[in-house]
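K.L.:
here is my input; please provide its structure:
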Amino acid sequence: MKVKFQDLTAGTILRNKRNGKDFKVIGFLDDEPKIELENLETKEVIKVLDRTYERWYSVEKLATVEE
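P.N.:
Residues are numbered from 1 along each chain as shown. Below you'll find the predicted structure:
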């Protein structure tokens with residue numbers, strides 16, 4: 001599933017196309033066009049540029065809105 005960078009929401013699960021690892025979107029950075037991702041295995045937090053997301057990540061599961 002392809003979702004535009006600016007339409008990502010916190011809680012969305014992404015898969016890295018290179019290594020197959022899953023990441024959870026934490027949120028956008030205010031001062032840069034980057035998102036913070038948490039590796040679901042190691043809990044490591046990384047920052048990813050919009051261009052990197054477009055090339056190397058795909059959406060596995062969209063965040064659900066809890067009511």
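
K.L.:
could you use CA atoms for every contact and neighbour count after this?
P.N.:
Noted.

K.L.:
what residue lies at the spatial centre of the chain?
P.N.:
Val25 (4.1 Å; C-alpha atoms, centre = their mean).

K.L.:
and the strands in this protein, which stretches?
P.N.:
13-16, 22-28, 34-39, 45-49, 57-61 (DSSP state E).

K.L.:
picking up where we left off before, okay, and the beta partners of the residue nearest to the centre of the chain?
P.N.:
Taking DSSP bridges as the rule, Val25 bridges to Leu37.

K.L.:
my guess is it meets Arg15, correct?
P.N.:
No. With contact defined as C-alpha atoms under 8 Å, Val25 does not reach Arg15; the gap is 10.7 Å.

K.L.:
average model confidence for stretch 54-67?
P.N.:
For stretch 54-67, mean pLDDT rounds to 82.

K.L.:
what lies in contact with it?
P.N.:
1-5, 9-18 (C-alpha atoms under 8 Å, 6 or more residues apart in numbering).

K.L.:
for stretch 24-40, same thing?
P.N.:
Under the criterion C-alpha under 8 Å, 6+ apart, residues 8-14, 21-23, 44-50 lie in contact with stretch 24-40.

K.L.:
where does the prediction get shaky in this structure?
P.N.:
Across the chain, residues meeting the criterion (pLDDT under 70) sit at 65-67.

K.L.:
now the buried members of the contacts of stretch 24-40.
P.N.:
Buried residues within these, defined by neighbour count using 16 or more other C-alpha atoms under 10 Å: 8-14, 22-23, 47-48.

K.L.:
so how far is Val25 from Val3?
P.N.:
Going from Val3 to Val25 by C-alpha to C-alpha, to the nearest Å gives 13 Å.
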